[in-house]
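**Student:** Got a predicted structure plus its sequence, pasted below:
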Amino acid sequence: MAKRIEVSGLNAYYGKTRAIEDISMTIEPRSVTAFIGPSGCGKSTFLRTLNRMHEVIPGARVEGKVLLDETDLYGPGVDPVAVRRVVGMVFQRPNPFPTMSIYENVVAGLKLNGVRRKAQLDEIVEKSLRGANLWNEVKDRLGRPGAGLSGGQQQRLCIARAIAVEPQVLLMDEPCSALDPISTLAVEDLIAGLKDQYTIVIVTHNMQQAARVSDRTAFFNLAGPGKPGRMVEIDDTNKIFTNPGEKATEDYITGRFG
Amino acid sequence: MSTVNLAGPSGLRKFKDKLALVLVCAAFALAVIPLVTLLYTVIKNGAKRFDMEFFTHSMNAIGGRDAGGGAYHAIIGTIEQVGLASVISIPIGVLTAIYLVEYGGGGRLARVVTFFVDVMTGVPSIVSGLFVFAFWIALLGFEYMGFAGSLALSVLMLPTVVRAAEEMLKLVPNDLREASYALGVPRWRTICFVVLPTAFTGIITGVMLAVARVMGETAPLLMTVFVTTAINNDPFKGPQMSLPLFVWDQAQLPQQVAIDRAWAGALTLILFVMLLNLAARLIARLRKPVSR
């Protein structure tokens, strides 16, 4: 199920501005890869190129290769919609669909893609909500609006919604930045549980979180003021946080940055 | 140690606060006075002929001096003309708004469409009537009919619907669209099942306001549906009547019985508009997801 991602020579642009420059990396299947780095260095932009969400923004485009196992996501004839079914995404702010109930939110991706059988949907709802550690909290009120949940529950609902379509890769863009420590813990536990089945990529500003949840960590930085972001290094999380290869990484994680 | 001054606002500040409050309340009262007087006058004068006969009879064979008669033919006309105008302009308007917000992306076509919608908003109602008269009746040679009135009304309705729907669609957070795209949902399904339901309440309210607005239009109908005293159920054949035309027609007669009919017609029209607004609110409330 889980797939390896191989990125080579990737550049992303917003109009004429180059946001990230020449990134190459390999993301291992069934593992958690964390992206750390200062704000505005292109972590989120890079993450969004991995499921072709970057090009949703008018004027945005991508150059380079992203191989999902053997398939180039940017190859000719590749449908971005199909890519996003395989590579799911959880956003920074919880964004359940406000007009839908908890149940409808979880099955939104399936229903909007034509799965209609009630029994099958029921089964997927329970499985996804259990997978997102939310089942026990909401099983008695699946018909209530998803927007009525607390922030942490909403975020886990969004994770349930993302895994309900059974993607092979799960991208998370600062999934805990709007959450309190307890909800953050719940989401981190969840990430640890999900990595058996999925390839997970997580962007975070919280270095402790990167150290806690990830197997490998990539450090991003700006090449200089006004220049595009680039990846400084990627290595085992342990190594990055104890004995990084680059001086810039060490400065960043020890807080001596800039 | 210095003491902290926790005393209330000074006299001058209190005075300014009160003054502002008085001004705001006075402005509100001023705005309400015409509305209340209008309702009072229309109800007082309209109640006289607000009876069963008024709603079941036409003015066929009833002269200005005769008592009795009713606005049945006018009510039928208004419902058919406004209904047809809605059928024409609501789908076109909402689809235009969807194009502008979801697909246009500030491109040249979107800018041109926005410009023409703005221009259309400023078209005086009589001009839309003249336009349809010149095009539909004078040029294409159709007779006066309800449908011609519908065309004139939809010219007036269309920009309002586009504007209202556009504003509401713009309010839908981009997060929701992205959340849907990220689930592998194509754009058109995202629009149908995520964006439109989220904006639905607002769009309905805007559309109802547009409908209520054209319901009271007289000028464009004058040149397109003409006037008649008889019941004509077919909006595609022959002159029809409408409530505003009925009011206008009766109010210019000198006899008190005719004037009373005009007031009753005005009251009916106001009730129609109110009912529409109530219906819009009801739909909005029903659609709102129940809170926990």
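**Tutor:** That came in fine, so what should we check first? Numbering: from 1, shown residues only, chains lettered A, B, ... in the order given.
**Student:** hang on, A:Leu67 packs against A:Lys3?
**Tutor:** No. Checked against CB atoms under 8 Å, the pair A:Leu67 and A:Lys3 is beyond contact range at 9.4 Å. All C-beta spots, glycine's among them, are computed from the backbone N, C-alpha and C.
**Student:** who's more crowded, those two?
**Tutor:** Set side by side, A:Leu67 and A:Lys3 show more neighbours around A:Lys3, with 20 against 17, by other CB atoms under 10 Å in any protein chain shown.
**Student:** Report the secondary structure state of the more buried one.
**Tutor:** Put simply, A:Lys3 is coil when judged by DSSP: H, G, I helix; E, B strand; the rest coil.
**Student:** which residues sit in contact with it?
**Tutor:** The neighbourhood of A:Lys3, defined by CB atoms under 8 Å, 6 or more residues apart in numbering or on different chains, consists of A:29, A:68-69, A:86, A:168-169, A:199.
**Student:** Spell out which residues of the stretch 151-292 of chain B are next to chain A.
**Tutor:** Counting by CB under 8 Å from any CB of the partner chain, the residues of the stretch 151-292 of chain B close to chain A are B:173, B:175-186, B:189-190, B:193-194, B:197-198, B:200, B:287, B:289-292.
**Student:** Out of these, which end up buried?
**Tutor:** Using 16 or more other CB atoms under 10 Å in any protein chain shown as the burial test, these include B:176-186, B:189-190, B:193-194, B:198, B:200, B:289 as buried.
**Student:** Go ahead and produce PDB holding the CA coordinates of stretch A:167-175.
**Tutor:** The C-alpha atoms that make up stretch A:167-175 are tabulated as PDB, following Å, rounded to 0.1, in the frame of the first residue of the first chain:
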ATOM      1  CA  PRO A 167      -4.600   7.100   0.200                       C
ATOM      2  CA  GLN A 168      -1.100   5.600   0.000                       C
ATOM      3  CA  VAL A 169       0.600   8.700   1.200                       C
ATOM      4  CA  LEU A 170      -0.600  11.200   3.800                       C
ATOM      5  CA  LEU A 171       0.700  14.800   3.700                       C
ATOM      6  CA  MET A 172       0.200  16.900   6.900                       C
ATOM      7  CA  ASP A 173       0.800  20.600   6.800                       C
ATOM      8  CA  GLU A 174       1.400  21.700  10.400                       C
ATOM      9  CA  PRO A 175      -1.600  19.600  11.600                       C
END
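**Student:** quick one: average confidence on that stretch?
**Tutor:** Mean pLDDT, stretch A:167-175: 91.
**Student:** which residues touch it?
**Tutor:** So stretch A:167-175 is in contact with A:1-3, A:5, A:44, A:47-48, A:50-51, A:68, A:85-92, A:155, A:159, A:162-163, A:187, A:191, A:194, A:198-205, going by CB under 8 Å, 6+ apart.
**Student:** Quick one: mark the members of these that sit in strands.
**Tutor:** Counting by DSSP state E, the part of the contacts of stretch A:167-175 found in strands is A:5, A:68, A:87-90, A:199-203.
**Student:** Check those one by one and keep those near chain B.
**Tutor:** Applying CB under 8 Å from any CB to the ones in strands among the contacts of stretch A:167-175, one finds that A:88-89 fall near chain B.
**Student:** List just the nearest of the ones in strands among the contacts of stretch A:167-175 to B:Val207.
**Tutor:** B:Val207 lies nearest to A:Met89 out of these, by CB to CB, at 34.4 Å.
**Student:** Now do the buried residues in stretch B:238-246.
**Tutor:** For stretch B:238-246, by 16+ other CB under 10 Å, it's B:239-246.
**Student:** would you turn these into a markdown table with secondary structure and distance to B:Leu12?
**Tutor:** What follows is the buried residues of stretch B:238-246, written out as a markdown table (DSSP: H, G, I helix; E, B strand; the rest coil; distance: CB to CB, whole Å):
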| residue | secondary structure | distance to B:Leu12 |
| --- | --- | --- |
| B:Pro239 | coil | 67 |
| B:Gln240 | coil | 64 |
| B:Met241 | coil | 62 |
| B:Ser242 | coil | 58 |
| B:Leu243 | helix | 55 |
| B:Pro244 | helix | 53 |
| B:Leu245 | helix | 58 |
| B:Phe246 | helix | 58 |
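**Student:** which one among these gets closest to B:Pro34?
**Tutor:** B:Pro244 (19.4 Å).
**Student:** ok, now which ones touch that closest one?
**Tutor:** B:78, B:215-218, B:221, B:269.
**Student:** how about 7 Å then?
**Tutor:** Neighbouring residues of B:Pro244 by CB atoms under 7 Å, 6 or more residues apart in numbering or on different chains: B:216-218, B:221, B:269.
**Student:** Same question for B:Leu243.
**Tutor:** By CB under 7 Å, 6+ apart, the contact set of B:Leu243 is B:71, B:74-75, B:78, B:265, B:268-269.
**Student:** And the pLDDT for residue 38?
**Tutor:** Since you didn't name a chain, this refers to chain A. Reported pLDDT at A:Pro38 in the predicted model: 88.
**Student:** look at chain B instead
**Tutor:** Taking B:Leu38 on its own, its pLDDT is 94.
**Student:** element containing it, please.
**Tutor:** helix B:11-46 (DSSP states H and E).
**Student:** Flag every buried residue along that helix.
**Tutor:** Applying 16+ other CB under 10 Å to helix B:11-46 flags B:42, B:45-46 as buried.
**Student:** could you say what helices and strands it packs with?
**Tutor:** helix B:256-287 (3 or more CB pairs under 7 Å, 6 or more residues apart in numbering or on different chains; DSSP states H and E).
**Student:** What is the helix it packs on packed up against?
**Tutor:** Right, helix B:256-287 is packed against helix B:11-46, helix B:196-215, helix B:243-251 by 3+ CB pairs under 7 Å, 6+ apart.
**Student:** So which of the contacts of A:Lys3 is the closest to A:Gly75?
**Tutor:** Of all the contacts of A:Lys3, A:Gly75 sits closest to A:Leu68, with 10.3 Å by CB to CB.
**Student:** Name the residues of the stretch 101-250 of chain A found near chain B, please.
**Tutor:** Proximity of the stretch 101-250 of chain A to chain B, by CB under 7 Å from any CB of the partner chain, involves residues A:108-109, A:112-113, A:141, A:144-145, A:148, A:161, A:165.
**Student:** Now a PyMOL select for only the buried ones of those.
**Tutor:** Remark: buried members of these, expressed as a PyMOL selection using 16+ other CB under 10 Å:
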select buried, chain A and resi 108+109+112+144+145+148+161+165
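**Student:** partners of A:Ile202 in the sheet?
**Tutor:** Partner residues in beta bridges with A:Ile202, using DSSP bridges, are A:Ala34, A:Met172.
**Student:** and the gap between it and B:Ala284?
**Tutor:** Between A:Ile202 and B:Ala284 the computed distance is 40 Å (CB to CB, to the nearest Å).
**Student:** can you pull the pLDDT of residue 47?
**Tutor:** If you meant another chain, say so; for now it's chain A. With respect to pLDDT, A:Leu47 scores 93.
**Student:** To clarify, I was referring to chain B.
**Tutor:** 90.
**Student:** mind listing what the residue lying closest to it once chain neighbours are set aside touches?
**Tutor:** Take B:Ala47 and drop its neighbours on the chain: the residue closest to it by CB to CB, 6 or more residues apart in numbering or on different chains is B:Leu267, 7.4 Å away. For B:Leu267, the contacting residues are B:42-43, B:46, B:50, by CB under 7 Å, 6+ apart.
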